[in-house]
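[1] Pasting the sequence and the predicted model now:
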Amino acid sequence: MGNCNINEKKEDLMENNVVSVQNFQFIDAIGRGGFGKVWKVRQKKNKQFYALKVMSKPKIITKKSVQSVMNEKALLCGLKHNFLINMQYSFQDREYLYLVMDLLSGGDLRYHIGRHRRFNEEQTKFFSACIMVALEYLHQQGILHRDLKPENLVFDSNGYLRLTDLGIARIWKPENSQDTSGTPGYMAPEVMCRHNHGVAVDYFALGVIVYECMLGRRPYLGRSRQEIREQMLAKQAAIKRQEIPPGWSLEAADFTNRLLQRKPQNRLGNNGPDEVKDHPWFKDFSWEKLMSKEMVASFIPNGNEDNYLPSDSRRDSDDTINEDQQMMLRRNSIQSKRSDSLLDLFNGYDFDNNASVPSSQIAISSTSSSRVTKQPTTTTTPKSAKLAQKLKN
């Protein structure tokens, strides 16, 4: 149990390097996930603020998501970057898993889209550049995020976006047509249609976000995954000249349209990040200043506001274990003391903070994939004449 920092010495949370929920003061609930809430907490010893993600083990088991949460922890422990929300610690008790993450005060992009609906071109370009840097880093590690959306992009106090939530991220492998998780509306057509896919899926999602910031809506809307899929197959989304809002350039529309190409081989970014950075929309953009965070963001959240929707800070029925779940835990505890019990599914979730990972050797493990040593840049499409015909531009 302990520190997941890479080549960075931090103050121990406890004298014996043992981290538990008792070390934190719960301030406010700042978000909600599929397995529980995300809390703003203060570490009692060093007074530092963190975001604490609390996940119910019975909920994880019920939703058959053990592999996903273990995969997220494994990936986060091997990653560290200025444009990601990094994990600091992880630990568990009998009923919950806990992730201690960087706390950012600016709120997520979804919150600000809800408030402003649209953004101007300069702001959106800066958002896109921040996302690009984060994606480039993940892709260099052979990782596909696969759930890029405004909810997973959080502003720091200076207006820089950072990417979070690797719950369905995966290390790329050639055969991944069955990995169809994601958020409808941001999922690429090749994922919706159960094709093998590569880095282009993340660039498609980037295109959706730029489109949304520009026009105030997503390119494909529907009440269900099936409706959105049918829209994708029926028509190529594109921003027409007459639809470009005042103050926006043709280059911005072209950038978005090229990211939204239904065929991944035609999509901007499929051949690597340089073709995205070299697009005319980013002409004269200083990537070096962005990386060093010397640029002044064109949109900076109000530091005097909470920048998140109020959430009930009391532990309600959605955050506590119900009687059936408690019974499952008790039954499992009584009936099975063996290593293959349900509770043992979470073995290895904790960290030893004495173990360090050299920055030159990022250690990433996954129960479902082997590590990739070459950045995936292309997509292999299965032979399906029917789907191929539907995906024609």
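    Good, I have the coordinates.

[2] all contacts plus neighbour counts: C-alpha atoms, from now on.
    Noted.

[3] Please tell me I have it right and residue 86 contacts residue 75.
    No. The pair residue 86 / residue 75 is not scored as a contact, 10.5 Å apart, by CA atoms under 8 Å.

[4] how does the chain divide up, domain by domain?
    2-104+322-346, 112-291 (automatic domain parsing).

[5] Helices of the stretch 1-150 of the chain, residue ranges please.
    57-62, 66-77, 109-116, 121-140 (DSSP state H, counting those that start in this stretch).

[6] Name the nearest residue to residue 186, ignoring sequence neighbours.
    In space, and not counting its chain neighbours, residue 186 is closest to residue 205: 4.9 Å by CA to CA, 6 or more residues apart in numbering.

[7] my guess is residue 80 meets residue 88, correct?
    No. The criterion here is CA under 8 Å, and residue 80 misses it with residue 88 at 9.8 Å.

[8] quick one: contacts for the residue nearest the centre of the chain?
    Geometric centre of the chain, nearest residue: residue 165, 3.4 Å, by CA atoms, centre = their mean. Contacts of residue 165 were listed using CA atoms under 8 Å, 6 or more residues apart in numbering, and they are 72, 147, 152.

[9] Check what pLDDT the residue nearest to residue 186 gets.
    With respect to pLDDT, residue 205 has a value of 98.

[10] Next, give phi and psi for it.
    phi -60, psi -40 (degrees, to the nearest 10).

[11] coming back round to it: where does the residue nearest to the centre of the chain sit relative to residue 102, distance-wise?
    Using CA to CA, to the nearest Å, residue 165 is found at 12 Å from residue 102.

[12] Would you map the strands across the chain?
    Under the criterion DSSP state E, the chain carries strands at the ranges 2-3, 24-32, 37-43, 49-56, 87-92, 96-101, 143-144, 153-155, 161-163, 170-171.

[13] Could you tell me the least trusted of those?
    Averaging pLDDT over each of the strands of the chain puts strand 2-3 lowest, since it has a mean of 50.

[14] The nearest residue to residue 53 once chain neighbours are set aside: what's it in contact with?
    Among residues not flanking residue 53 along the chain, residue 38 sits closest, at 4.4 Å (CA to CA, 6+ apart). By CA under 8 Å, 6+ apart, residue 38 lies in contact with 29-32, 51-54.

[15] One more: residue 206?
    128, 131, 148-149, 259.

[16] can we see that at 10 Å?
    The contact partners of residue 206, by CA atoms under 10 Å, 6 or more residues apart in numbering, come to 127-128, 131-132, 135, 148-150, 186, 200, 212, 256, 259-260.
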